[in-house]
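Trainee: Based on what follows, work out the 3D shape:
(2 chains)
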Amino acid sequence: MRGRTGRLFRQGANTGISVAALVGLLILVNAVAAGLNLKMDVSSGHYYTLSAATKGYLKGLRTPVKIYAFYGPGQGGPARMLLTQYREFSPFVSLRVVDPARDPSLAQQFGVQQDGTIVFANGKRRDTLLDMGSGQNAFNAALATVTGPVRYAYFLAGHGEKSPADGTSGGLSQLAAALNNDGFRVRTLALLGGGAPGIPADCAVLVVADPTTGLLPAERGAITAYLRRGGEAIFTSEPGNGTFLNPLLLPYGVRLSNGAVADFGENLKGADPATPEVTQYPSFSLNLTSGVPATYYPTSAAVEKLPGSGSYSVEPLVQTSANSVLGKKKGTFTLAAVLGNLTGGGNVVVFADTDFLTNAYNNLGNQQLFLRTVRWLDHSKQDLAAMSQTSVASAPLIMPVAAMQTMFYVLVLFLPLGMLAAGGIVWWQRR
Amino acid sequence: MAHVVTIMRKELYSYFSTPMAYVLMAAFLLGNGWLFAMGVFSGNTDMPDNTFKNIATLLVLVCPLITMRLLAEEQRQGTLELLLTSPVRDFELVLGKFLGSLLFVLILLFLTIIYFLIMLVYGQGDVGTILSGYLGLVLVSSTFVAVGLFLSALTQSQVVAGLLSFVVLLVMWGLSRVSLAIGPPLGLFLSYLGLGGHLSSMALGLVETKDLVFYLSVTVGFLALTAFYLETRRWR
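Mentor: Take a look at the predicted model:
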């Protein structure tokens, strides 16, 4: 009896030791594999491979950046995986994936309106973007926005312009707050405040938001000189007020129309055609507008190209649908354009509308378009955004209705039934 | 090796000799076809990723049905003792049973290629990501079969083996999700142990050594445990 017990004990001990050794070996192998962290990116365009420039930037990052990715369960796989690469590469980047339905307070805190919103936060500095398949370009720009040096945006004052300090529905206080979160300090600028008028040297972007009286020649001269030395500016207007900005626009070969555009093709649902809605942007502006949700423009004029325009480039940034009307003219109208040399400094972005930026209409899309424009003009951030252009297709699978019906019948009916029929035949033969 | 191939063939043949395999394949195709069609109808933008995850989730249900009879039935019929006393080694028996079941699961996976062909025709997904996703599915399948085989060795009842496999796979599959609620460091540890999380990267086109090693480790681990368990029957 003792012999059998002893043998059982020895055999059991041998097996136990073997199992323990196996488990230990497997744990060791897993630890080594996790430590090595070798990866092979076989996705289209190597979407998950951080570019050399991105790695360089992340290596130099010394400020903690928290990334909040708001996705429902099972959503946003590609963007989440790419952001994971950022987190794994830099100890200063942290990533938190949040289900807005399970954590509505956090979603509310960041003003999240829909799934796929990604917030980059460095203290109070934040940048929000919508995942629309954009990759490292959008993420790098957002990182630069929340970690880069503080820049100054000057809003011109003294001609009835909309004010960044105005908290009423017609003011720009929300836009100013968004600029502040974006790394820009907002200041107002009165050019005739004493001494020779001039734009401060630390001005990253000059904003002239819908002047309702004309600028004096000295003021126009100061702005022109600022642009000639490579300064960047945004001009916005309203129908009927374009005449006060047109003297500054004429050298670029454009002017603002007097009347308002009516878009019968794309307009804000429930509103009238006088509020064009834009969901697709011209190809030129794709880098600038990548990830920007829909924008809309209540009572907007149009940017019109003059015949025989000068040596500057004029690129449409926002356009109406082809089913639009301005006075007696029909077709596509430009609501915003980029004017200048485009690659170097001295560029102007002109918006034929200002209401879309006011507190009353300052939705996520309108605000994002303006912030992206400011960033695009501010070359220190533009360079980083251009580091990588990889993106991933995020469009739904679009099939013709007939093909969709055929697919449904084949996948849900014919294939399973065919398999059941095969089983029936086997059963019949073996019966 | 000849023994392994013989057992593997016998297992695979036994699946197709009854209508059960066809019913299983029909149910698998119906479930996946329905989920795929609903994804297309709802305008899902992550079709390749979601389709891989749907297939794997359905495998959690299907694999226990495939593996439950592997060793439990041999024990119930008393044929396991014959096998163990024959010149077949324990690991050959385990490997043969494992490969026979795995081949059947691979046939199931082969049937799902149609979804990805539809995606490619209509401009979604890319070949690299699809191949990477299938690599993930093959590894997940081998893990599921290995776990199911081990649990089938523990009991004489197919039903108990099937239910046990389903529960264990469900828990292992869902660990990654549970870990989100727990938070680090325990959450990170559980997330690593979760079978579902390791498929995510491959379903998106990113093949990572840690995922490959993890799936292979779990597979090898459970196969070895099965072989050890069978060995104990010789001297218990």
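Trainee: tell me the contacts of residue 37?
Mentor: No chain was given, so I picked chain A. Applying C-beta atoms under 8 Å, 6 or more residues apart in numbering or on different chains to A:N37 gives the contacts A:E88, B:E208, B:T209, B:K210. Placement of C-beta: from N, CA and C, glycine included.
Trainee: My question was about chain B, not that one.
Mentor: Residues near B:A37 by C-beta under 8 Å, 6+ apart: A:M407, A:F408, A:L411, A:V412.
Trainee: a markdown table for those residues, including distance to B:T79, secondary structure and neighbour count?
Mentor: Shown next, in a markdown table, are these (distance: C-beta to C-beta, whole Å; DSSP: H, G, I helix; E, B strand; the rest coil; neighbours: other C-beta atoms under 10 Å in any protein chain shown):
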| residue | distance to B:T79 | secondary structure | neighbour count |
| --- | --- | --- | --- |
| A:M407 | 45 | helix | 20 |
| A:F408 | 45 | helix | 17 |
| A:L411 | 40 | helix | 22 |
| A:V412 | 40 | helix | 20 |
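Trainee: Out of these, which are close to chain B?
Mentor: Filtering those for proximity to chain B (criterion: C-beta under 8 Å from any C-beta of the partner chain) leaves A:M407, A:F408, A:L411, A:V412.
Trainee: Nearest residue to A:L339 in space, please, no chain neighbours.
Mentor: Once flanking residues are discounted, A:L339 sits nearest to A:Y252: 4.0 Å by C-beta to C-beta, 6 or more residues apart in numbering or on different chains.
Trainee: For that neighbour, give me the pLDDT.
Mentor: On the pLDDT scale, A:Y252 is placed at 89.
Trainee: And for B:L170, the neighbour number?
Mentor: Neighbours of B:L170 under the rule other C-beta atoms under 10 Å in any protein chain shown: 15.
Trainee: hang on, it in a helix?
Mentor: Yes. Under DSSP: H, G, I helix; E, B strand; the rest coil, B:L170 falls within a helix.
Trainee: Spit out the contact partners of it.
Mentor: Applying C-beta under 8 Å, 6+ apart to B:L170 gives the contacts B:V60.
Trainee: Confirm for me that A:K124 is in contact with A:G183.
Mentor: No. Look at A:K124 against A:G183 with C-beta atoms under 8 Å: they stay out of range, at 10.6 Å.
Trainee: So those two - more neighbours on which side?
Mentor: Using other C-beta under 10 Å as the criterion, A:K124 and A:G183 rank with A:G183 on top: 26 against 8.
Trainee: Chain B: which of the contacts of B:A37 is nearest?
Mentor: Chain B lies nearest to A:L411 out of those, by C-beta to the nearest C-beta, at 3.3 Å.
Trainee: For the closest one, list the residues it contacts.
Mentor: B:L29, B:N32, B:G33, B:W34, B:F36, B:A37, B:I114, B:Y115.
Trainee: and the fifth one, what element?
Mentor: What it means is B:F36. If you go by DSSP states H and E, B:F36 is part of helix B:19-41.
Trainee: how about the helix or strand that that helix is followed by against chain A, any contact?
Mentor: Toward the C-terminus, helix B:19-41 is succeeded by helix B:47-67 as the next helix or strand (DSSP H and E). Yes. Counting by C-beta under 8 Å from any C-beta, chain A has neighbours in helix B:47-67: B:M47, B:D49, B:N50, B:K53.
Trainee: ok, and for helix B:47-67, which residues are buried?
Mentor: Of the residues in helix B:47-67, B:47-60, B:62-67 count as buried by neighbour count, 16 or more other C-beta atoms under 10 Å in any protein chain shown.
Trainee: For whichever helix or strand B:G174 is part of, which residues meet the burial criterion?
Mentor: Element membership for B:G174 (DSSP H and E) is helix B:158-182. Going by neighbour count (16+ other C-beta under 10 Å), the buried part of helix B:158-182 is B:158, B:161-162, B:164-166, B:168-169, B:172-173, B:175-176, B:179-180.
Trainee: ok, now stretch A:400-413?
Mentor: Within stretch A:400-413, the residues that count as buried by 16+ other C-beta under 10 Å are A:M404, A:M407, A:F408, A:L411, A:V412.
Trainee: Same question for stretch B:218-235.
Mentor: Those would be B:218-231, for stretch B:218-235 by 16+ other C-beta under 10 Å.
Trainee: For stretch B:55-72, output the C-alpha coordinates as PDB.
Mentor: Taking Å, rounded to 0.1, in the frame of the first residue of the first chain, the C-alpha atoms of stretch B:55-72 are listed here in PDB:
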ATOM      1  CA  ILE B  55     -16.700  36.000 -36.600                       C
ATOM      2  CA  ALA B  56     -14.500  35.500 -33.500                       C
ATOM      3  CA  THR B  57     -17.500  36.100 -31.200                       C
ATOM      4  CA  LEU B  58     -19.600  33.500 -33.000                       C
ATOM      5  CA  LEU B  59     -16.700  31.100 -32.700                       C
ATOM      6  CA  VAL B  60     -17.000  31.400 -28.900                       C
ATOM      7  CA  LEU B  61     -20.400  29.800 -29.400                       C
ATOM      8  CA  VAL B  62     -19.500  27.300 -32.100                       C
ATOM      9  CA  CYS B  63     -16.200  26.000 -30.900                       C
ATOM     10  CA  PRO B  64     -17.500  24.300 -27.700                       C
ATOM     11  CA  LEU B  65     -20.000  22.400 -30.000                       C
ATOM     12  CA  ILE B  66     -17.100  21.200 -32.100                       C
ATOM     13  CA  THR B  67     -14.800  20.200 -29.300                       C
ATOM     14  CA  MET B  68     -17.200  18.900 -26.700                       C
ATOM     15  CA  ARG B  69     -17.200  15.400 -27.900                       C
ATOM     16  CA  LEU B  70     -13.500  15.100 -28.700                       C
ATOM     17  CA  LEU B  71     -12.300  13.200 -25.500                       C
ATOM     18  CA  ALA B  72     -15.600  13.200 -23.500                       C
END
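Trainee: that older thread, now the helix holding B:G174 and helix B:47-67, what's the angle there?
Mentor: Calculated by axes from the mean of the first three to the mean of the last three C-alpha atoms, to 10 degrees, helix B:158-182 forms an angle of 150 degrees with helix B:47-67.
Trainee: for helix B:158-182, what is the average pLDDT?
Mentor: On average, the pLDDT along helix B:158-182 is 86.
Trainee: Report the buried residues of whatever helix or strand comes next after that helix.
Mentor: Once the chain leaves helix B:158-182, the next helix or strand it forms, by DSSP H and E, is helix B:186-193. For helix B:186-193, a neighbour-count test (16+ other C-beta under 10 Å) marks B:G187, B:L190, B:S191, B:Y192, B:L193 as buried.
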